[in-house]
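Build me a model:
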Amino acid sequence: MSPKYHALVTGGAGYIGSHVVHQLVEQGHQVTVLDNLSLGRKENLPPEAKLIVGDILNDDDLAKAFRQPVDVVFHFAAWKAAGESMANPQKYGKNNICGSLNLIGACLKYGVENFVFSSSAAVYGDPQYLPVDEQHPRRPINYYGYTKLAIEENLNWFSELKGLHYAALRYFNATGYDIKGRVKGKEKNPANLSPVVMEVIAGIRKEMQVFGNDYDTPDGTCIRDYIHVNDLAIAHLMAMDYLMEKRKNLVVNLGTGKGHTVLEVIHAAEKVSGRKVNYKIVGRRPGDPPELVAGSDLAYDLLGWKAQYSDLETIFKSMLPVYLEA
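Okay, the predicted model is just below:
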């Protein structure tokens, strides 16, 4: 039987965090969630998880979270809208960078050596080659991506200076909802493609915008790598086990290695739902590369991880109950 741990999950009531919490509980681990509920939802958490409503910037809240000995921290508490980060960098710098440093400091104070970080493909910026692997230059083109890179760099320093073991998981486009239907609360203020498509299908939005149809791609719209949130949750637990067993740091991409255009995603949602998606073509967004696809061979080599739920049909079938039956 594999060992059981006490995991502290910051941002654990949020979209990706809540799926990881369910995965941890399902495997018999003890879970404490620290979330200020600005984006998270209590109803997305299983009853077995203990929720502390608090903030990573608040030392008293962190003291409550670490009151019981913690074996591993999963860190999801971040603002994540790339466009907003360019308009309001101070908001992102304070929460994402300062908050993470405060959390790392608490780990050192309370003797926690294992840290699983929710990073992003945004650390790479415009792709110089495809698929993007972990050796690709890291040159973020938005401030959000810079905050993720800055946290990774700090984790590396704290590893060298203080012996912290960390995993930085760089994922591409997270999507879908829990295959077992345990997470039902819709994501607040979504900016990613698939939830926006589903909001149109559900009538929450009248229509959506497609940013550019003149790229050098099969149908002129951008190509992205979409990864199901259950696949991400599985990878996070594999990363935890890797840290515990190997006592070595881990930096890997999480993606499928296969891209889909915006229109392919829209048409897949229409096929699964049987409903039309109203969209209009508008101008390109600055900073959108034509294609961004992950190379995830390293995650397979080191963890044995491979996406298994990330085809478009499975993605949208998992989203339908959340948007049409809620």
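
elements contacting the helix ranked longest in the chain?
Ranked by residue count, the top helix of the chain under DSSP state H comes out as helix 143-162. The contact analysis (3 or more C-beta pairs under 8 Å, 6 or more residues apart in numbering; DSSP states H and E) places helix 143-162 against helix 82-87, helix 89-92, helix 99-109, strand 114-120, strand 165-171. Using the backbone N, CA and C atoms, a C-beta is placed for each residue, glycine as well.

what angle separates it from strand 114-120?
On the basis of axes from the mean of the first three to the mean of the last three C-alpha atoms, to 10 degrees, helix 143-162 is oriented at 160 degrees to strand 114-120.

doesn't residue 74 make contact with residue 114?
No - applying C-beta atoms under 8 Å as the test, residue 114 and residue 74 come out as separate, 9.6 Å apart.

what residues are shared contacts of the two?
Residues touching both residue 114 and residue 74 (C-beta atoms under 8 Å, 6 or more residues apart in numbering): residue 240.

Between the two, which has more neighbouring residues?
In terms of neighbours (other C-beta atoms under 10 Å), residue 74 is the more surrounded of residue 114 and residue 74; the figures are 29 against 22.

Verify the stated contact: that one with residue 10.
Yes - Residue 74 is in contact with residue 10 according to C-beta under 8 Å; the separation is 7.1 Å.

so what's in contact with the two at the same time?
With contacts defined as C-beta under 8 Å, 6+ apart, the residues shared by residue 74 and residue 10 are residue 17.

In the worst-scoring helix or strand of the chain on mean pLDDT, which residues are buried?
Within the chain, no helix or strand scores below helix 82-87, which has a mean of 90 by mean pLDDT, DSSP states H and E. For helix 82-87, a neighbour-count test (16 or more other C-beta atoms under 10 Å) marks 82, 84, 85 as buried.

picking up where we left off before, can you show me the CA trace of the longest helix of the chain as PDB?
The C-alpha coordinates for helix 143-162 follow below in PDB (Å, rounded to 0.1, in the frame of the first residue of the first chain):
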ATOM      1  CA  TYR A 143       3.200  39.600 -17.100                       C
ATOM      2  CA  TYR A 144       1.200  36.600 -15.900                       C
ATOM      3  CA  GLY A 145       3.700  34.300 -17.600                       C
ATOM      4  CA  TYR A 146       6.600  36.300 -16.100                       C
ATOM      5  CA  THR A 147       5.100  35.700 -12.600                       C
ATOM      6  CA  LYS A 148       5.100  32.000 -13.200                       C
ATOM      7  CA  LEU A 149       8.700  32.100 -14.400                       C
ATOM      8  CA  ALA A 150       9.700  34.200 -11.400                       C
ATOM      9  CA  ILE A 151       8.200  31.700  -9.000                       C
ATOM     10  CA  GLU A 152       9.900  28.800 -10.700                       C
ATOM     11  CA  GLU A 153      13.300  30.700 -10.400                       C
ATOM     12  CA  ASN A 154      12.700  31.400  -6.700                       C
ATOM     13  CA  LEU A 155      11.800  27.700  -6.100                       C
ATOM     14  CA  ASN A 156      15.100  26.800  -7.700                       C
ATOM     15  CA  TRP A 157      17.000  29.200  -5.500                       C
ATOM     16  CA  PHE A 158      15.200  28.000  -2.300                       C
ATOM     17  CA  SER A 159      16.000  24.400  -3.400                       C
ATOM     18  CA  GLU A 160      19.700  25.200  -3.600                       C
ATOM     19  CA  LEU A 161      19.800  27.300  -0.500                       C
ATOM     20  CA  LYS A 162      17.300  25.600   1.800                       C
END
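
Could you check how far it is from the centre of its chain?
Relative to its parent chain, helix 143-162 has a centroid offset of 17 Å by C-alpha atoms, centre = their mean, to the nearest Å.

Repeat that for stretch 319-326.
The answer for stretch 319-326 is 21 Å, by C-alpha atoms, centre = their mean.

Pull out the buried residues from it.
Within stretch 319-326, the residues that qualify as buried are 319, 320, 322, 323, counting by 16+ other C-beta under 10 Å.

show me what contacts residue 35?
10, 11, 12, 13, 14, 17, 51, 52, 53, 54, 77.

Next, count neighbours for the first one.
When you say that, I think you mean residue 10. 27.

hey, what's it bridged with?
residue 34, residue 75 (DSSP bridges).

Where do the domain boundaries of this structure fall?
Per automatic domain parsing, the structural domains of the chain span 6-176+225-254, 193-224+257-293+303-324.

Can you lay out these as a markdown table showing distance to residue 182?
Shown next, in a markdown table, are the domains of the chain (distance: least, C-beta to C-beta, whole Å):
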| stretch | distance to residue 182 |
| --- | --- |
| domain 6-176+225-254 | 5 |
| domain 193-224+257-293+303-324 | 11 |
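
any idea which of these is most buried?
Ranked by average neighbour count under the criterion mean count of other C-beta atoms under 10 Å, the domains of the chain are headed by domain 6-176+225-254 at a mean of 20.

can you give me the strands in the chain?
Assigned by DSSP state E, the chain shows strands spanning 6-10, 30-35, 50-53, 72-75, 114-120, 165-171, 173-175, 208-211, 223-224, 226-228, 250-254, 260-261, 279-282, 291-292.
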